[in-house]
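Participant: below is the structure, and that's it, no one-letter string:
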Ligand SMILES: *Cc1c(COP(=O)(O)O)cnc(C)c1O
C-alpha cells in the first residue's frame, strides 16, 4: 500500500493530510479522489482485476485513499477504515482475542467501549478489567496478575480528561507480552502519535476530529507494523462493517484541514478553560493544558497541544449542571465531539449513561464541552451568561 511517488516520511503532517493516498486520479487528473460509488468491478478475464479491486466490501478506491492517508498521518504501516469507531474496535478485538483472553481497559473508558466489552464481548468469553491507568503500578500489577492480550488505553480520557503516559504503558504492555492499543480519538494524530511513542495499534472514531464536521460516522485502525494486517483485513472483509465510498470521501475531505482546525480548537479550549477556572460557579476544570492538571507534564511530553475538549464540575451540583446545559445558545446540547461547532453535554445522563452503576460512573455535576472553532469571544460570552 504505497501512495504513488510521494515519500511520506519526508513530508510534514499538513502535507501528508492533503496528499497522502490522494494522487491526482490517473484517468482524468481529478485533484480530489473520486467517489467510486460502485459495488463491483469489471474483470479483464476471470481473476484479471484492475489494481486488485473485485468487490467493494473487500476494497474500494475511495476507501483506499482514506486508509493510506490515515496510515501516513499516524506513521503506521497500514490503516483500515470502518463504518464507525465501534465497528473498528469490534473488528480489532475479535481478530486479536479468543475466548479466555483478557483485556485491561481504562478505569474511565469511553462508555461505548466499556459497553462493547461488558455487554457484547464478555458473553463470548473475552474478559475485561478496568484499571486506572494514571496509576502505572496498578497497571503493572494487573498485567502481571491477568496476563492480558491487550492493554487498551485512551488519552486524554473521555470525559474526565485524564492523561496517561503512553511510553510507560507501552513498556508495561510489552514486558508482559501484551499489545498496547491506544484510542487516539480525543487528540487526533495532529496532536499525538501513539505509534511513535511505542503503541502497537491506534483506534479512531473518525466521526470526531478527523472527519471534523459532524456529518459522517466512521472509524479506523492503524497498525505500527504490518504483522496483523492480513488477519485484520480478513475480519474486516468477513464481517463487513466498512464505510461506504461517500462516507470515506467526506472523512478524507475533513482530514485535509485537520491541522488548522486543531490549532483553533486548542486555542479556543485554552481560553475557555482559563475563563472557567476563574469562575465562582465552577468547582474544578479538567483540562490538560492547565498547569495544575495532574497530567499536564505528561501531556506536554507526548502531545503537541492540549486539545479541544474541556470538562468542568459545578460547585452547586447536578441540578445546576443540567441547567447550564440547557442555557447555552452557541454551545449546542448534543453528544459527540470534534466538529467545527461547539457542543455541550451532561455525561452522566448522556454519553456515559451506559456506565451508570458501574465502577466507571462519572460525577453527576460534570459538564463536558467540545470547544469548536467559532470566535472565542462569542463562546466565552455564551458560557458566562449560562453560568450567571
Ligand atoms: C465516539 C468515540 C468512539 C466510538 O466511535 P463511533 O464512531 O461513535 O462508533 C470511541 N472512542 C472514543 C474516545 C469516542 O469518543
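Facilitator: On my side now, so go ahead. Just so it is clear, the structure is predicted and the values come from calculations on it, not from any experiment.

Participant: closest approach to the ligand from the stretch 151-300 of the chain, which residue is it?
Facilitator: Nearest residue of the stretch 151-300 of the chain to the ligand, counting by C-beta to the nearest ligand atom: residue 205, 2.9 Å away. Every C-beta, even on glycine, is put in place using the N, C-alpha and C of the backbone.

Participant: and that residue, what are its bridge partners?
Facilitator: Residue 205 has these beta-bridge partners by DSSP bridges: residue 219.

Participant: tally of neighbours for it?
Facilitator: Number of residues near residue 205 (other C-beta atoms under 10 Å) recorded here: 30.

Participant: from residue 298, how far off is it?
Facilitator: Distance of residue 205 to residue 298, given as C-beta to C-beta, to the nearest Å: 23 Å.

Participant: didn't the residue of the stretch 151-300 of the chain closest to the ligand look like it was pressed against residue 185?
Facilitator: Yes. Judged on C-beta atoms under 8 Å, residue 205 makes contact with residue 185 at a distance of 4.6 Å.

Participant: quick check: neighbours shared by the two?
Facilitator: Residues touching both residue 205 and residue 185 by C-beta atoms under 8 Å, 6 or more residues apart in numbering: residue 85.

Participant: what residues does this protein have near the ligand?
Facilitator: Those residues of the chain that sit near the ligand, judged by C-beta under 6 Å from any ligand atom, are 84-86, 110, 112-113, 154, 158, 183, 185-186, 205, 207-208, 217, 219.

Participant: restricted to helices, list these.
Facilitator: Among the residues of the chain next to the ligand, the members falling in helices (DSSP state H) are 85, 86, 112, 113.

Participant: mind checking pLDDT for the last one?
Facilitator: Residue 113 is assigned 94 on the pLDDT scale.

Participant: burial count for it?
Facilitator: Residue 113 has 26 neighbouring residues, counting by other C-beta under 10 Å.

Participant: write the PyMOL selection for whichever of the ones in helices among the residues of the chain next to the ligand are buried.
Facilitator: Buried residues among those (16 or more other C-beta atoms under 10 Å), as a PyMOL selection:
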select buried, resi 85+86+112+113
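
Participant: looking at this structure, which helix or strand does the model trust least?
Facilitator: Taking mean pLDDT, DSSP states H and E as the measure, the chain has helix 111-115 as its least confident helix or strand, at a mean of 91.

Participant: for that helix, give me every contacting residue.
Facilitator: 85-86, 89, 105, 130, 152, 154, 158, 183, 351-355, 358, 360.

Participant: for whichever residue of the stretch 1-150 of the chain sits closest to the ligand, list the residues it contacts.
Facilitator: In the stretch 1-150 of the chain, the residue that lies nearest the ligand is residue 85 (2.3 Å; C-beta to the nearest ligand atom). By C-beta under 8 Å, 6+ apart, the contact list for residue 85 reads 112, 185, 203, 204, 205, 206, 207, 208, 218, 219.

Participant: show me where the chain has strands.
Facilitator: Along the chain, the segments classed as strands by DSSP state E run 78-82, 102-106, 127-131, 150-154, 179-183, 201-205, 219-223, 282-286, 309-314, 332-333, 343-345, 366-370.

Participant: where are the low-confidence patches of the stretch 151-300 of the chain?
Facilitator: For the stretch 151-300 of the chain, no stretch has pLDDT under 70.

Participant: so which residues of it form helices?
Facilitator: Ranges of helices in the stretch 151-300 of the chain, per DSSP state H, counting those that start in this stretch, are 166-175, 188-191, 229-239, 245-255, 258-277, 296-302.

Participant: just those helices: most buried one?
Facilitator: Of all these, helix 188-191 carries the top mean neighbour count, a mean of 26, counting by mean count of other C-beta atoms under 10 Å.

Participant: other residues contacting that one?
Facilitator: Helix 188-191 is contacted from outside by 13, 70, 73-74, 202, 208-210, 258-259, 262, 266, 303-307, 338, using C-beta under 8 Å, 6+ apart.

Participant: repeat the analysis, applying 10 Å as the threshold.
Facilitator: 13-14, 16-17, 70, 72-76, 156, 184, 195-196, 202, 204, 206, 208-210, 212, 222, 255, 258-263, 265-266, 299, 302-308, 338 (C-beta atoms under 10 Å, 6 or more residues apart in numbering).

Participant: could you measure from residue 265 over to residue 370?
Facilitator: 8 Å.

Participant: need the residues touching each of those two.
Facilitator: Counting by C-beta under 10 Å, 6+ apart, the shared contacts of residue 265 and residue 370 are 209, 307, 308, 309, 337, 338, 339, 342.

Participant: what sits against the first one?
Facilitator: Contact criterion C-beta under 10 Å, 6+ apart gives 184-191, 254-255, 258, 261-262, 265, 307-309, 337-339, 370 as the residues in contact with residue 209.

Participant: whatever residue of the stretch 251-388 of the chain ends up closest to the ligand: neighbouring residues, count only.
Facilitator: At 6.3 Å from the ligand, residue 337 is the closest residue in the stretch 251-388 of the chain, using C-beta to the nearest ligand atom. The number of residues packed near residue 337 is 26, by other C-beta under 10 Å.

Participant: show me the contacts for the nearest residue to it once chain neighbours are set aside.
Facilitator: In this structure, residue 337 finds its nearest non-sequential neighbour in residue 370, 3.6 Å apart by C-beta to C-beta, 6 or more residues apart in numbering. Counting by C-beta under 10 Å, 6+ apart, residue 370 makes contact with 186, 208-209, 214, 265, 269, 307-310, 331-332, 334-339, 341-345.

Participant: which of these are buried?
Facilitator: Buried residues within the contacts of residue 370, counting neighbours by 16+ other C-beta under 10 Å: 186, 208-209, 214, 265, 269, 307-310, 331, 334, 337-339, 342-345.
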